[in-house]
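Undergrad: could you look at this predicted model? Sequence included:
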Amino acid sequence: MSDLNIPKNAYTHHLTVGGATFTFRTWDCDGDYREGEALFVEHQVEGETHPFTHIPYEDDAFSWLASYLKRSSWSKHISVLVEGEAQAVMPSPLKSENTLRLIDPIWAPVANIVEERPYGPRGAETRQGTKHFRPGAKVYVSTRLGHFKHMSFEVIGRHRATHRCVAMVIRGSWLTRWRGELVYSPHVIEQIWWGGDGSKAS
């Protein structure tokens, strides 16, 4: 990938990992949001901005962020700007890094699943909890909204049947006892880290 055909509507991001701030741009490929691209442009350490002289596979923070983008977003094609040329990032040289070693615990909105909710035509019936979460289950709320008719949120919590951590989009009216809490789970941090800045105010 050598041509820098970056669309005018490309987004610019600044994300900090392990003390370094990475600047990169993202855009869709031919309008297909499932085939997005990300281009690392520069990085900043201790207030000084540096261009890339090579793909920094040896850098723990870069490896974590590049892997995170490939795993958690639509940016499947990742490259680094090196001396005016976009060089593709290969997945195999990327090192596996511990999330909590590079990302501190973050603040996130938390809520509980309602004990009961109306169900069926005109709410004539009552259901306990939701199909995927038990009543009162604690869930972490992503900043991303769902696309249903009613206000909805993506939440991360333990599935009522498998007990595995899952992400689901549910109605906002099924959530109660909203609050902010520090998140220590690496899996949850990776799910919601992109959406907020990790501060208590967010």
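TA: Ah, there it is. Worth saying up front: this structure is predicted, and the values here are computed from it rather than measured.

Undergrad: how near is residue 183 to residue 28?
TA: 30 Å (CB to CB, to the nearest Å). For the C-beta atoms, the positions are set from N, CA and C on the backbone; glycine is no exception.

Undergrad: which one of those two is surrounded by more residues?
TA: The neighbour comparison of residue 183 against residue 28 (other CB atoms under 10 Å) goes to residue 183, with 21 against 16.

Undergrad: list the beta-bridge partners for the more buried one.
TA: On the basis of DSSP bridges, residue 183 is bridged to residue 106.

Undergrad: that one against residue 192, yeah?
TA: Yes - Residue 183 sits in contact with residue 192 when judged by CB atoms under 8 Å, with a separation of 7.2 Å.

Undergrad: find residues that contact each of the two.
TA: Common neighbours of residue 183 and residue 192, using CB atoms under 8 Å, 6 or more residues apart in numbering, are 106, 108, 140.

Undergrad: doesn't residue 70 lie inside a strand?
TA: No - read with DSSP: H, G, I helix; E, B strand; the rest coil, residue 70 is helix and lies in no strand.

Undergrad: was I right to think it contacts residue 88?
TA: No - judged on CB under 8 Å, residue 70 makes no contact with residue 88 at a distance of 11.8 Å.

Undergrad: shared neighbours, these two?
TA: What both residue 70 and residue 88 touch, as defined by CB under 8 Å, 6+ apart, is the set residue 78.

Undergrad: look at these two and report which has more neighbours.
TA: Higher neighbour count among residue 70 and residue 88: residue 70, with 16 against 11, using other CB under 10 Å.

Undergrad: what pLDDT does that one get?
TA: We have a pLDDT of 83 for residue 70.

Undergrad: the chain should start at 52 in everything you say after this.
TA: Taking 52 as the first residue, the last one we looked at is residue 121.

Undergrad: contacting residues for it?
TA: Contacts for residue 121 (CB under 8 Å, 6+ apart) come out as 127, 129, 142.
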